[in-house]
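Asks: turn this into a structure:
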Amino acid sequence: MLAIYKKELHAYFTSMIGWVFIAFFLVMTGLYFVIYNLINGVVNFSYIYDGIQMVFVFLLVPVLTMRSVAEENRQKTDQLLYTAPVTVTKIIAGKYLALITLFGIAMLIVCTYPLLFSNLVSKVAANGETVDFAIAYGSTLGFFLLGAAYIAIGLFISSLTESQVIAAVASGVIMIFTFLMTGIASLLPAGSMFNFYFLAVLILVLAIVLYFWIHNGWLAAGLGLAAEAVLVASYLLFTDRFTSLIRNVLESISITDRYSNFTLGVFDVSALVYYLSVSFLFVFMTIQRIQKKRYNG
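Replies: Below you'll find the predicted structure:
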């Protein structure tokens, strides 16, 4: 795994992707740091991450992760990896840790901003106002966890295609949906019947996706019919609980909403577990995707 990690990290800094990512990230954070903190005198550093969050999710992460596996698929060098004396788990873990390291380098540089600004505030502030380091570094930790989860999602999407462009566009679309998930949820009808039909269609779509994933029509159809039967029985028995069900589920799994407690200087253990779980889940799904291709190839 260490060899893969070093190879990937070296590749990011020799192909300009790593430098461009860090440079653009620092330009964005620096711009909001100047506007909010230096010009307007705001001492809350969470505003920096609030300002760059959409660009980070919609543009930076897709660009960073688009080549992680898709490029291997395009150049057919993935076949060499499959036959290498290294497990797929170590290969994907090495790639993911290289991405996290690249992101972590950029975040470490941003960590110096509160210290620099605190020194400036202590010299010019007349009202005794100081930088709240709990909020500054709490929001920094939260944003890093948020980024780690999105990078895992981007890594998985990259494993599904041979085209970096398709990987970047698909990642951008999916990630912007997750970013706007709470707003979208608030627009959905709350009626139990709508939620029932929505889930029924969703199960059908998932059954089709499962068929293309495992290429077993009987198993996909059987699981789909079983899920539809459970849905119908649940609706007949617990109709009232279907009211606003989709809205509540989308709000509860929103990636960006769990970041908010960190911006208040609160160390949210449940959010920490959630982000680590999302990261692990999508890295695991990437491994399973590669394993399946390895055995079928």
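Asks: could you use CA atoms for every contact and neighbour count after this?
Replies: Will do.
Asks: residues in contact with the nearest residue to I22 once chain neighbours are set aside?
Replies: Once flanking residues are discounted, I22 sits nearest to A106: 5.5 Å by C-alpha to C-alpha, 6 or more residues apart in numbering. Shown in contact with A106 (C-alpha atoms under 8 Å, 6 or more residues apart in numbering): I22, F25, L26.
Asks: now those residues in a markdown table, with distance to I166?
Replies: As requested, the contacts of A106 are exported to a markdown table (distance: C-alpha to C-alpha, whole Å):
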| residue | distance to I166 |
| --- | --- |
| I22 | 23 |
| F25 | 22 |
| L26 | 26 |
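Asks: out of these, who's nearest S254?
Replies: Distances from those to S254 were compared by C-alpha to C-alpha; the smallest belongs to F25, at 23.3 Å.
Asks: quick one: low-confidence ranges for the stretch 51-200 of the chain?
Replies: Applying pLDDT under 70 to the stretch 51-200 of the chain flags the ranges 72-85, 121-129.
Asks: nearest to I208, of the contacts of A106?
Replies: Taking C-alpha to C-alpha as the measure, I208 sits nearest to F25 out of these, at 38.5 Å.
Asks: and that closest one, how many neighbours?
Replies: When counting by other C-alpha atoms under 10 Å, one arrives at 20 neighbours for F25.
Asks: what helix or strand does it sit in?
Replies: For F25, the element it lies in under DSSP states H and E is helix 17-32.
Asks: what packs against the next helix or strand after that helix?
Replies: Per DSSP H and E, helix 17-32 leads on to helix 46-55 as the next helix or strand towards the C-terminus. On a contact count with 3 or more C-alpha pairs under 8 Å, 6 or more residues apart in numbering; DSSP states H and E, helix 46-55 meets helix 17-32, helix 133-158.
Asks: need the residues that contact helix 46-55.
Replies: Residues lying outside helix 46-55 but in contact with it, judged by C-alpha under 8 Å, 6+ apart, are 28-29, 32-33, 36, 135-136, 139-140, 143, 176, 179, 263.
Asks: report the inter-axis angle for the helix holding F25 versus helix 46-55.
Replies: Per axes from the mean of the first three to the mean of the last three C-alpha atoms, to 10 degrees, the angle that helix 17-32 makes with helix 46-55 is 130 degrees.
Asks: who's in contact with stretch 254-266?
Replies: In contact with stretch 254-266 (C-alpha under 8 Å, 6+ apart) are residues 46, 134-139, 141-143, 146, 178-179, 181-182, 251, 267-268, 271, 275.
Asks: any of these buried? List them.
Replies: Buried by 16 or more other C-alpha atoms under 10 Å: 46, 135-139, 141-143, 146, 178-179, 181-182, 251, 267-268, 271, 275, out of the contacts of stretch 254-266.
Asks: closest one of the contacts of helix 46-55 to A207?
Replies: Each of the contacts of helix 46-55 was scored against A207 by C-alpha to C-alpha, and I176 proved nearest at 24.5 Å.
Asks: kind regards, and thank you for your time.
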